[in-house]
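Trainee: Structure here, sequence nowhere to be found:
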């Protein structure tokens, strides 16, 4: 332990932690801006400077480690004046259109301005001007709001190991951009959206599709059907001040109905289709000498990553569409027919924790019979904004349940929203399929938890099935290199682009730096999903009665010709750069 | 096979005899050596052609016992290209390629000095010999000892003048601690700017426990107007590499890097040649002098970023990244290149090492002041008669450098300020001309030693404009990493621009000062922390000038065109009409014989009228 | 049009081949990036896009990072310089001797700002911070030729001379 004094408080903290962490342990707040725990610790914004006795100049509290006998002052007049100047300078080069910003009310720069009582800008001057990059269907980059904290670069380069964005130019002209200052749409960006989650301001945000959805909701000739992904329900409440990881599925369904959707369905049902098809495909590959290992394909950022970086390995990807695309296709085919709704009048909206889904639904192969599987994707954040726009008091809503007959889903589908969940759900069904009977085995705990790569071995019918679960694209790359180099000794791989899986997706409520450093957001949200699973009556996809009915009435069996038509897709090599 | 200690010794003895004429005016050598400066300055004015001409002429005329030698910088760059004939030490200045023939015919063959090419003093006196020039009289050459004496591309010439003797002494007779102790005792401090005690730095890196350590030579000399390090590398590259090996031995490193600007092609080439020659002789590589000590050196090129002179930015750059400084501590001594303990010294610091080892710490520490030992090399430039490279003992005054060595201010102008430390330093006014130069005294008067740029400014210079010039430099060289430097220096520049354009206010003075103060304390690296210095020092010593810019909207020196007001003194004007005629824009009116006036809205401040007025009636 | 595309592709293939010859000399470690870029810059007078991509693949460094490095160091350029690159020294020694006026004159005469190239590709204009010829201040350079003790008149004459050249 290290003994030191911060603002006259004697404290004892573990060796190796920073002054900032020590101060927070002692309940002393030091403002930060560029700091994002484990993602970006470079000390460049200078908000967290403190005075250390006996040291010339200020210390950078987010980087510098505690030392025995250190005496730290966090709020001397000199420190306060310097911080105020730093903030003034940052704001002087910032587009101050807060009222029309997606991050209005949830902006770390705004919060600092309030904290420092910034009533005027002392050093107004030239501002760096950049054109907004809104070419991609998923992400908008507005450098005019960038504070150059580089948290996004940390997320993209250090965490995801993509490096689609980096700091370019020098000095006052420095900015975060892509190779050649091109659009994200034309470079190696996968649309995972981790940069958005890292951004303290509105410089990076999703393409807002709420206006598009509102238009359809107001159109009496359009039949709007919404579906919501598993991870949305355990995070949406956060946008209304509710605890992190609280499952507000009942309120969410009520809100969606109040917004005017004609039907509110659960993407989990779609996930059950995915498991039916994917487990079947896996069993088929195992039994008939197909390409192994097979890799899941639910995650569109991962798919885009694979198409851009591993075009030779695409045969490893399961041909299954992702759950919401499958479900969209089912709605516009089976459901429309069964309930006698003109399919062309149906407008399907998916509420997703993800921004890559916005891109996925625009992929040309995602349609059948001339109808798009999914017409619009909005994120958890956009849904929250729509609820606010709709004057709905979310926290005081009554609960309601998903619409019949497509609302029912298994617990297996619920855990799709977290790393390891798809694998676990697939194993439940695959095991039963191989054995030809109900095994009563539900939980495969080895694939749970926060590790970036989890390796496990499962014995099914006397056969060792070796599985790997990877989350985060850095880990995906490791696995893909193993496969590419012939070093893969496993059969089935689950990959999710976002570290932790969809609960930490790029469309989820954004948590500020301080929250992220003291709360394990992933764990809370994931636990909520496992709780849903545990409390579910049906915990295996193939036991879901809705699924059973639809296969009986429409698809016949998994992997059938009809199933392939609506539920499967193809991949093709994408140029890494179109520049 | 590498050479043994004896081999090197033999080369030294033989070569030294052969080169005696280079340093001994009374040498009985039958040879004559024509030394032609091939430093960047002289090279820019055709010295390679001069070298070629001499060689050609000697061959054509079949002249025996005369050799043409390329050397590094002699120092007096403004008199370049320079040619020196040894042993008689005749100093020819401003030589043109077509002068070679005359020198050969008259001097070499005819034995008579070519008077017209000799250097003339300000008072008209002709100087025959290099060491008689006042420019050299107060100098003391330690770091530059070999510059201009040896051919930097011939390792044997370096060996002749005690080359590798220090390395031999260190690795065969001294322990690591003894070497560090010697350096510490000498009082040598880092010549790169801040002046950290070199021995202490070495001991920090030595103390780190690591299999892999690195030695780096910082040759990313970026101060605009400073060329000390380049001249050393061009004139005496081996002395730097030898010192790096000594440092490697002392701290326990077997690998060194020289980070040098790609804009210094001559220095890079000479370093490459030097490294190759040393490898060939086994003075770099495995088991040097047959001992356990191995050392290798690699050159890394910079690519035009001033900030890379900052040690952590330099490390990032060697690693192949943008040169953005790291937050310190931890210092490179602990986590340096690839996060291994790393020693970084600059070129001039290394250039002192071998002399300290050979002559002893006591000798070295007897030179200089209480806190700053040895000598310092300055690149003297600007409004001074003798522009060039000077090396003086610490404690020499600015007045001695500018007037005795530099020959004073040209064109009969007055001294206004001297700038040391480049963009990190400050402007020193007249009242501090007698300051004895050392690290502490310069810091005390608001400047810093810096790497050694010393720019003299005469009274036609506007100090607000000078501050603007430096800020402009900092803004374009800021790496952009930290807020205070990225945006803060830009805002300072904007304020200065306002002032120079006549849009400044008194409040701007206060704002500028406040910004300067806070940037200094909150920026990450040395570049940002010192960026406000030119503003702070000029505001301190020339505040009235700033005030004139924002209250009277006047720039007395007329450098700020928007503020300059050229006026006709009614008392002195005789109405001769000359000014009216020379004015290119017709801004001057007045009837012959009567007082003339200037229409300020038309005046373009070309000063033609000022220069032409026979009665000195026009001024500002 | 088609012919054009074909030519571009041919040129790109050629550069690609040459770049790979350069790359072969270096180990695939990141610290070689700046050295390689220096070599490419010298060879082509700028860093072509295809070179950036080849280097990215070879050293396994993200293209955006390479672009970040190129745009950080002033020696590297993304567009080819003019046939005659005029560079005015703005080092302090030159500045106090009036190099700013030389620059202004060059700008006016060439009709371009610093960092730009004339439309015919003949001239580009740059500033530099010390070419090391402080004894000759103020100084400007055209390609490798150094012109010292410059005056407005001198740059006029020199530029006229180059303008008359091919």
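Mentor: Nice, thanks for sending it over. Bear in mind the structure is a predicted one, so any value in this text is a computation, not a measurement.
Trainee: and the residue nearest to residue A:448 when sequence neighbours are not counted, how many neighbours does it have?
Mentor: If the residues on either side of it in the chain are set aside, residue A:448 comes closest to residue A:420, at 5.1 Å by C-beta to C-beta, 6 or more residues apart in numbering or on different chains. Any C-beta I mention is one placed from the backbone N, CA and C, and that applies to glycine too. When neighbours are counted by other C-beta atoms under 10 Å in any protein chain shown, residue A:420 registers 27.
Trainee: And for the one 5 residues further on?
Mentor: Per other C-beta under 10 Å, the neighbour tally for residue A:425 reads 30.
Trainee: right, and it touches residue A:541 too?
Mentor: Yes - between residue A:425 and residue A:541 there is a contact under C-beta atoms under 8 Å: 6.2 Å.
Trainee: Give me the common contacts of these two.
Mentor: A:271, A:275, A:410, A:412-413 (C-beta atoms under 8 Å, 6 or more residues apart in numbering or on different chains).
Trainee: Filter those down to just the ones in helices.
Mentor: Applying DSSP state H to these, the entries found in helices are A:271, A:275, A:412-413.
Trainee: which one among those residues gets closest to residue B:435?
Mentor: residue A:271 (78.7 Å; C-beta to C-beta).
Trainee: for the residue in chain C that chain B sits nearest to, what are its contacts?
Mentor: Per C-beta to the nearest C-beta, residue C:135 is where chain C lies closest to chain B, at 2.8 Å. By C-beta under 8 Å, 6+ apart, the residues touching residue C:135 are B:41, B:76-80, B:381, B:387-388, C:148.
Trainee: ok, 6 Å please
Mentor: B:41, B:77-78, B:80, B:387-388 (C-beta atoms under 6 Å, 6 or more residues apart in numbering or on different chains).
Trainee: how about the residues of chain A near chain B?
Mentor: Contact residues (C-beta under 6 Å from any C-beta of the partner chain) of chain A with chain B: A:43-46, A:49, A:57-58, A:60, A:63, A:82, A:85-86, A:89-90, A:93, A:123, A:125, A:170-172, A:174.
Trainee: What about those, which are in helices?
Mentor: Among the residues of chain A next to chain B, the ones falling in helices (DSSP H) are A:82, A:85-86, A:89-90.
Trainee: CSV for the shared contacts of residue A:425 and residue A:541, including pLDDT and neighbour count?
Mentor: Below are the shared contacts of residue A:425 and residue A:541 laid out as CSV (pLDDT from 0 to 100; neighbours: other C-beta atoms under 10 Å in any protein chain shown):
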residue, pLDDT, neighbour count
A:271, 94, 32
A:275, 94, 29
A:410, 91, 28
A:412, 93, 29
A:413, 93, 34
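Trainee: CSV for the residues you listed, including distance to residue C:86?
Mentor: Listed next are the shared contacts of residue A:425 and residue A:541 as CSV, based on distance: C-beta to C-beta, whole Å:
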residue, distance to residue C:86
A:271, 66
A:275, 69
A:410, 73
A:412, 71
A:413, 68
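Trainee: Which of these sits closest to chain B?
Mentor: residue A:271 (42.9 Å).
Trainee: Return the distance of the closest one relative to chain C.
Mentor: 33 Å (C-beta to the nearest C-beta, to the nearest Å).
Trainee: Of the residues of chain A next to chain B, select the buried ones using a PyMOL command.
Mentor: Buried members of the residues of chain A next to chain B, defined by 16 or more other C-beta atoms under 10 Å in any protein chain shown, are picked up in PyMOL with:
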select buried, chain A and resi 43+44+45+46+49+58+60+63+82+85+86+89+90+93+123+125+170+171+172+174
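Trainee: Please identify which helix or strand holds the closest residue to residue A:157 other than its chain neighbours.
Mentor: In this structure, residue A:157 finds its nearest non-sequential neighbour in residue A:163, 4.3 Å apart by C-beta to C-beta, 6+ apart. Using DSSP states H and E, residue A:163 sits in no helix or strand.
Trainee: Next, report how far stretch C:110-126 is displaced from the centre of its chain.
Mentor: Here the centre of stretch C:110-126 is set off from its chain's centre by 11 Å, with C-alpha atoms, centre = their mean, to the nearest Å.
Trainee: quick one: what helix or strand has the residue nearest the centre of chain C in it?
Mentor: The centroid of chain C falls nearest to residue C:81 when counting by C-alpha atoms, centre = their mean (5.0 Å). When elements are assigned from DSSP H and E, residue C:81 belongs to no helix and no strand.
Trainee: can you pull the contacts of it?
Mentor: C:45, C:124 are the contacts of residue C:81 under C-beta under 6 Å, 6+ apart.
Trainee: repeat that with 8 Å
Mentor: C:45-46, C:117, C:124, C:126.
Trainee: and the gap between it and residue B:551?
Mentor: Distance, residue C:81 to residue B:551, using C-beta to C-beta, to the nearest Å: 45 Å.
Trainee: So if we follow the domain assignment, how does the chain break up?
Mentor: Picking chain A for this. A:2-90, A:127-206, A:210-567 (automatic domain parsing).
Trainee: hm, I was asking about chain C
Mentor: Residue ranges for the domains of chain C, per automatic domain parsing: C:2-72, C:84-164.
Trainee: ok, residue 13 - how many residues close by?
Mentor: Went with chain A since none was named. So residue A:13, with other C-beta under 10 Å, has 19 neighbours.
Trainee: meant chain C, my bad for not saying
Mentor: 11.
Trainee: Pretty sure it sits in a helix.
Mentor: Yes - read with DSSP: H, G, I helix; E, B strand; the rest coil, residue C:13 is one of the residues of a helix.
Trainee: OK, contacts around the residue of chain B found nearest chain A?
Mentor: Of all residues in chain B, residue B:480 sits closest to chain A, at 3.1 Å by C-beta to the nearest C-beta. Shown in contact with residue B:480 (C-beta under 8 Å, 6+ apart): A:148, A:167, A:169-174, B:324, B:486.
Trainee: Show me the strands in chain C, by range?
Mentor: C:84-89, C:123-128, C:140-142, C:145-147 (DSSP state E).
Trainee: Surely residue C:114 and residue C:123 touch.
Mentor: No - assessed by C-beta under 8 Å, residue C:114 is found out of contact with residue C:123, at 11.9 Å.
Trainee: Tally up the residues packed near residue A:10, please.
Mentor: Using other C-beta under 10 Å, residue A:10 has 9 other residues around it.
Trainee: how would you label it: helix, strand or coil?
Mentor: Under three-state DSSP, residue A:10 comes out as strand.
Trainee: what's the helix or strand for the nearest residue to it once chain neighbours are set aside?
Mentor: In this structure, residue A:10 finds its nearest non-sequential neighbour in residue A:3, 7.0 Å apart by C-beta to C-beta, 6+ apart. If you go by DSSP H and E, residue A:3 is part of strand A:2-6.
Trainee: ok, back up a step: if you rank the contacts of residue C:81 by neighbours, which is first?
Mentor: residue C:124 (23 neighbours).
Trainee: Tell me, what's the model's pLDDT at that residue?
Mentor: Here, the pLDDT recorded for residue C:124 equals 92.
Trainee: same question, residue C:1
Mentor: Among the per-residue scores, residue C:1 shows a pLDDT of 51.
Trainee: Show me what from chain C comes close to chain A.
Mentor: C:49, C:52-53, C:61-68, C:71-72, C:74 (C-beta under 8 Å from any C-beta of the partner chain).
Trainee: Just give me the closest of those residues to chain A.
Mentor: Chain A lies nearest to residue C:62 out of the residues of chain C next to chain A, by C-beta to the nearest C-beta, at 2.7 Å.
Trainee: How about the contacts made by that closest one?
Mentor: Contacts of residue C:62 (C-beta under 8 Å, 6+ apart): A:157, A:162-164, A:166, A:179, A:188, C:56.
Trainee: will you turn those into JSON lines that also has pLDDT and distance to residue B:309?
Mentor: JSON lines is the format used below for the contacts of residue C:62 (pLDDT from 0 to 100; distance: C-beta to C-beta, whole Å):
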{"residue": "A:157", "pLDDT": "96", "distance to residue B:309": "26"}
{"residue": "A:162", "pLDDT": "97", "distance to residue B:309": "32"}
{"residue": "A:163", "pLDDT": "97", "distance to residue B:309": "27"}
{"residue": "A:164", "pLDDT": "97", "distance to residue B:309": "31"}
{"residue": "A:166", "pLDDT": "97", "distance to residue B:309": "23"}
{"residue": "A:179", "pLDDT": "96", "distance to residue B:309": "28"}
{"residue": "A:188", "pLDDT": "95", "distance to residue B:309": "34"}
{"residue": "C:56", "pLDDT": "96", "distance to residue B:309": "28"}
